[in-house]
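K.L.:
Provided below are the primary sequence and the corresponding predicted coordinates.
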Amino acid sequence: MAGFESLGESLEKSWRRSPIKGAVLAVKVEEALEGLLGEETKMVSFKEGKLVLGTASPQEANDLFLKSRQVKKGINDALGSRVVEKIRYRVKID
C-alpha cells in the first residue's frame, strides 16, 4: 500500500511547524555536539541560532574559541542546514 508514511517521517516533518520547534532543535544540536567536544564542555543553552557552551576552565574556553568554526561547521553539517550562527563560551566553576 503506497501513500502511507512511517510515524518517524511524520514526526520529523511535524515538529518544524509546532510550538516545540525550539526545544526539538536544541536537542538535535546537543546530539550533534557529542562527538565534537571534550568531556569537560557542556551545552548550556541554544536559542535562535545562538549556542552557549560551558567549560571548566578559561584555557578550555580559549581552545574552543579557536575551534569555533570547526564546531559550528560540524553541527550545521550534521543537521543539514545553518542552524548555529553564533557560539558563546561560559566558564562554569562547580
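P.N.:
That came in fine, so what should we check first?
K.L.:
for the record, mean pLDDT for stretch 31-50?
P.N.:
For stretch 31-50, the mean per-residue pLDDT is 86.
K.L.:
Can you pull the phi and psi angles for the residue most central in space within the chain?
P.N.:
Centroid-nearest residue in the chain, with CA atoms, centre = their mean: residue 29, separated by 2.0 Å. Main-chain dihedrals, residue 29, degrees, to the nearest 10: phi -60, psi -40.
K.L.:
Tell me who's in contact with it.
P.N.:
Residue 29 is in contact with 43, 46, 51, 75, 79, 83-84, counting by CB atoms under 8 Å, 6 or more residues apart in numbering. C-beta coordinates here come from the backbone N, C-alpha and C atoms, glycine included.
K.L.:
If we use 6 Å, what do you get?
P.N.:
46, 75 (CB atoms under 6 Å, 6 or more residues apart in numbering).
K.L.:
again, but for residue 51
P.N.:
Residue 51 neighbours (CB under 6 Å, 6+ apart): 84, 87.
K.L.:
could you point out which element follows whichever helix or strand it is part of?
P.N.:
Here residue 51 sits within strand 50-55, counting by DSSP states H and E. Downstream of strand 50-55, the first helix or strand assigned by DSSP H and E is helix 58-66.
K.L.:
Point out the other helices and strands that that next one packs with.
P.N.:
The contact analysis (3 or more CB pairs under 6 Å, 6 or more residues apart in numbering; DSSP states H and E) places helix 58-66 against strand 86-91.
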